[in-house]
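Asker: What would the 3D arrangement of this be:
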Amino acid sequence: MADSSAQSAQHADWVSRYADEVIAESERRAPGKPVVVASGLSPSGPIHLGNLREVMTPHLVADEIRRRGHEVRHLISWDDFDRYRKVPNGVPGTDASWAEHIGKPLTSVPAPAGSAYPNWAEHFKAAMVEALGAMGVEFDGISQTAQYTAGTYREQILHAMKHRGDIDAILDQYRTKKAPAKKQQKPQDEAELEAAEGSGAASEDDGSGGTGGYYPYKPFCGECGKDLTTVTSYDDETTELSYTCTLDGFTETVRLTEFNRGKLVWKVDWPMRWAYEGVIFEPSGVDHSSPGSSFQVGGQIVGIFGGEQPIGPMYAFVGISGMAKMSSSKGGVPTPGDALEIMEPQILRWLYARRRPNQSFKIAFDQEIQRLYDEWDKLAAKVADDSVLPADAAAYHRAVGTAAGELPRTERPLPYRTLASVADVTAGDAEQTLRILAELDPENPVTDLATVRPRLDKAEAWITKYVPAESRTIVRTEPDTEALAALDEPSRESIRLLLEGLDEHWSLDGLTHHVYGVPKVQAGFPADATAKELPPEIKTAQRSFFALLYHLLVGRDTGPRLPTLLLAVGADRVRKLLGA
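Answerer: Coordinates of the predicted model:
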């Protein structure tokens, strides 16, 4: 962080406080070694914005630790050796036939039809990796398929099997207890529930239910490749393990000293990896917070492997505003890639940085995105003039860059709502867009669209993909002669006053002043009279005047902000449509 004010801001937020704890804990557990923080993601389908909190929470803490000069590793465990549990809704290139793969490792399931990737897991990992790259998230990815099939965890598996009685005793403490009702935020709908899922590995399998005793290891069948198997016996001396597939009846006896086609059950696998990787910090979702859940139980099982449970918060749900419309149109919950189509990476980082992990928030795909950008731009202005609160400054600086440097940004960040309005009216026509943007501020005109990108691109994508067709703006091609002929005298006078001052006020600020001023002048007040100097009925007159202009220009009672709309339509066409 370049300046001292930015540096001091870092000590004012939740990220800094966790960084303090993690550094101290790392020095206690593993002095002289890199600090290890971790995330776990299951590429069982599109990785949603709710899952992104699993990554962003440790990322922000890791980045703060790097800023302080410490070496840190942020591990992302891709739980791609997990079982394929279901066919997600709305995934292009799939159909009901993919259900035949349920029970196989995710890396053994074919990718959706037309994919460039070799299997299901790689297909969905790729989109997340691309999004994390755009957001400046530095991480070390670990494929659990690669780890298990290479025999990396051989000693840990044999150790777990040797101590299966101890593991079973820990798990048994919770099997007979009825968990109390969980106090947690509830997702608003099924889409949010899907977005709020943590790692897909959180299926809470503990390995119980077998006929020959408790075994914390589950092989994938040598015949069908699925995990619908039951271990029937195990010999600690020879490491011979026998199992039967409950699907096809296939039986096999293998030696765990050389067998790599299986994995530890999730409630044992997770704490094993904490110990193996030396994880100091890892957050967990609300699905891991109840008694008997994998995080709670893992805190005891990790000791069997000679490790300690990581510190880390439980993180709350991430909701989506505008979700209902989007679910019906896209068939699923939005991903980080979807969000990055309509918002710059800095904005998405900011949403996760400014709220403590246990605070829920929503990501906007509806009109709220315009308000969000207004809020961001106001924050940027406060940072620039040093009038910002320390915690807000910290969140801002964490959003715009990392320890490696600032993220690419829009050179000239015009208001998002203005860009969206222009994109709406021009339907993305570059020549028309440049003309309008150049007229926003004649004293400092936009001369190259590259200076307003990528924000312009994000606004165009939002208009195109997420604004319903019935809400799009279509400017009239011909005047509404019938409506013009039916105007009363006050309405005619208001249009005359608008047109008389059109050229004089032809800029965004000028037109803003002008359209608000016409009803004031018409009522006998100065155009620059303030609200305190005006009677309440002036606001009513302004609303009526705006509705009249919208009707004559676009055939509706509402639309984009009038000053932007007038600039977009152009002075000559405005005069034509208003009957001049």
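
Asker: before we move on, which element is the nearest residue to Asp557 once chain neighbours are set aside in?
Answerer: Take Asp557 and drop its neighbours on the chain: the residue closest to it by C-beta to C-beta, 6 or more residues apart in numbering is Ala547, 4.8 Å away. Bear in mind the C-beta positions are built from the backbone N, C-alpha and C, glycine included. Taking DSSP states H and E as the criterion, Ala547 maps to helix 537-554.

Asker: Likewise for Tyr243?
Answerer: Going by DSSP H and E, Tyr243 is part of strand 240-245.

Asker: Please put the alpha-carbon coordinates of the helix or strand following that strand into PDB.
Answerer: Counting by DSSP H and E, the next helix or strand C-terminal to strand 240-245 is strand 251-255. C-alpha atoms of strand 251-255 as PDB (Å, rounded to 0.1, in the frame of the first residue of the first chain):
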ATOM      1  CA  THR A 251     -16.100 -57.800  -4.400                       C
ATOM      2  CA  GLU A 252     -12.400 -57.200  -4.100                       C
ATOM      3  CA  THR A 253      -9.500 -57.500  -1.700                       C
ATOM      4  CA  VAL A 254      -6.800 -54.900  -1.900                       C
ATOM      5  CA  ARG A 255      -3.700 -53.800   0.100                       C
END
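
Asker: Other residues contacting strand 251-255?
Answerer: Applying C-beta atoms under 8 Å, 6 or more residues apart in numbering, the contact partners of strand 251-255 are Pro219, Gly222, Thr238, Thr239, Glu240, Leu241, Ser242, Tyr243, Thr244, Cys245.

Asker: List the buried residues of that strand.
Answerer: By neighbour count with 16 or more other C-beta atoms under 10 Å, strand 251-255 contains the buried residues Glu252, Val254.

Asker: next one: that strand to chain centre, how far?
Answerer: From the chain centre to the centre of strand 251-255 is a distance of 44 Å (C-alpha atoms, centre = their mean, to the nearest Å).

Asker: Can you list the strands that it pairs with?
Answerer: strand 240-245 (antiparallel) (DSSP bridges).

Asker: Now do the same contact list for Val55.
Answerer: Ser39, Leu41, Ile76, Leu132, Val137, Phe139.

Asker: quick one on the thing from earlier: burial measure for the residue nearest to Asp557, as a count.
Answerer: Ala547 has 14 neighbours, counted by other C-beta atoms under 10 Å.

Asker: Any figure for the gap between it and Thr558?
Answerer: To Thr558, Ala547 is 8 Å away according to C-beta to C-beta, to the nearest Å.

Asker: where does this structure have low pLDDT?
Answerer: Within the chain, the ranges that satisfy pLDDT under 70 run 1-11, 176-205, 209-211, 289, 323-332.

Asker: And for it, the residue most distant from the center?
Answerer: What lies farthest from the middle of the chain is Glu489; by C-alpha atoms, centre = their mean that is 52.9 Å.

Asker: From Leu247, how far out is it?
Answerer: Counting by C-beta to C-beta, the gap from Glu489 to Leu247 is 83 Å.

Asker: How about Cys221?
Answerer: Counting by C-beta to C-beta - Cys221 and Leu247 are separated by 7 Å.

Asker: One more: Lys86?
Answerer: 17 Å.

Asker: higher neighbour count, the two?
Answerer: The neighbour comparison of Lys86 against Leu247 (other C-beta under 10 Å) goes to Leu247, with 14 against 11.

Asker: for the more buried one, what are its contacts?
Answerer: Taking C-beta under 8 Å, 6+ apart as the test, what Leu247 contacts is Gly103, Cys221, Cys224, Lys226, Leu228.

Asker: looking at these, which has the most residues close by?
Answerer: Top of those by neighbour number is Cys221, holding 24 neighbours under the definition other C-beta under 10 Å.

Asker: Next up, identify which helix or strand that one is on.
Answerer: For Cys221, there is no helix or strand it lies in under DSSP H and E.

Asker: what sits opposite the nearest residue to it once chain neighbours are set aside in the beta ladder?
Answerer: In this structure, Cys221 finds its nearest non-sequential neighbour in Cys245, 4.1 Å apart by C-beta to C-beta, 6+ apart. Judged by DSSP bridges, the bridge partners of Cys245 are Thr229.

Asker: So what's the residue count around Cys245?
Answerer: 22.

Asker: same check, this time on the one 3 residues further on
Answerer: By other C-beta under 10 Å, 12 other residues sit near Asp248.

Asker: cool, and Asp488?
Answerer: Count around Asp488 with other C-beta under 10 Å applied: 7.

Asker: could you check the distance from it over to Ser544?
Answerer: Distance of Asp488 to Ser544, computed by C-beta to C-beta: 11 Å.

Asker: Asp269 is in contact with Tyr276, isn't it?
Answerer: No - at 10.2 Å, Asp269 does not count as touching Tyr276 under the criterion of C-beta atoms under 8 Å.

Asker: OK, contacts around Trp120?
Answerer: For Trp120, the contacting residues are Pro43, Ser44, Tyr84, His101, Leu106, Thr107, Val109, Pro110, Ala111, Pro112, by C-beta under 8 Å, 6+ apart.

Asker: Helix or strand: which one has the nearest residue to Arg472 once chain neighbours are set aside?
Answerer: Nearest residue to Arg472 in three dimensions, chain neighbours excluded: Asp424, at 6.1 Å (C-beta to C-beta, 6+ apart). Using DSSP H and E, Asp424 falls within helix 416-426.

Asker: Give me the contacts around that helix.
Answerer: Around helix 416-426, the neighbours that count as contacts under C-beta under 8 Å, 6+ apart are 369-370, 373-374, 377, 432-433, 436-437, 440, 452, 455-456, 458-460, 462-464, 467, 472-473, 475, 508, 560-561, 564-565, 567-569.

Asker: Could you pull up the residues touching Ile495?
Answerer: Contact analysis of Ile495 by C-beta under 8 Å, 6+ apart lists Leu487, Leu548, Leu552, Leu578, Gly579.

Asker: Check which helix or strand it maps to.
Answerer: Ile495 is part of helix 489-500, with elements assigned from DSSP H and E.

Asker: Sort out which residues of that helix are buried, please.
Answerer: So for helix 489-500, counting by 16+ other C-beta under 10 Å, buried means Ser491, Ser494, Ile495, Leu497, Leu498.

Asker: What residues sit buried inside stretch 63-80?
Answerer: 63-67, 70, 72-80.

Asker: sorry, that was for stretch 472-490
Answerer: Neighbour-count burial for stretch 472-490 [16+ other C-beta under 10 Å]: Thr473, Val475, Pro479, Asp480.

Asker: burial measure for the closest residue to the first one other than its chain neighbours, as a count.
Answerer: Take Thr473 and drop its neighbours on the chain: the residue closest to it by C-beta to C-beta, 6+ apart is Asp424, 4.7 Å away. Residues near Asp424, counting by other C-beta under 10 Å, number 25.

Asker: can you map out the strands along the stretch 401-550 of the chain?
Answerer: 401-402, 405-406 (DSSP state E, counting those that start in this stretch).

Asker: try the stretch 51-200 of the chain
Answerer: Under DSSP E, counting those that start in this stretch, the stretch 51-200 of the chain gives strands at 72-78, 140-143.

Asker: How about residues contacting the last one?
Answerer: Judged by C-beta under 8 Å, 6+ apart, the contacts made with strand 140-143 from elsewhere in the structure are Arg73, His74, Leu75, Ile76, Ser77, Trp78, Asp80, Phe81, Thr107, Lys125, Val129.

Asker: change it to 7 Å
Answerer: Strand 140-143 has contacts (C-beta atoms under 7 Å, 6 or more residues apart in numbering) with Arg73, His74, Leu75, Ile76, Ser77, Trp78, Asp80.

Asker: For the first one, list the residues it contacts.
Answerer: Right, the one you point to is Arg73. Under the criterion of C-beta under 7 Å, 6+ apart, the neighbours of Arg73 are Pro34, Val36, Asp140.

Asker: if I read this right, Glu21 contacts Pro310, doesn't it?
Answerer: No - counting by C-beta atoms under 7 Å, Glu21 sits too far from Pro310 to count as a contact (11.0 Å).

Asker: So which of the two has more stuff around it?
Answerer: The neighbour count for Glu21 versus Pro310, taken as other C-beta under 10 Å, is higher for Pro310 (26 against 14).
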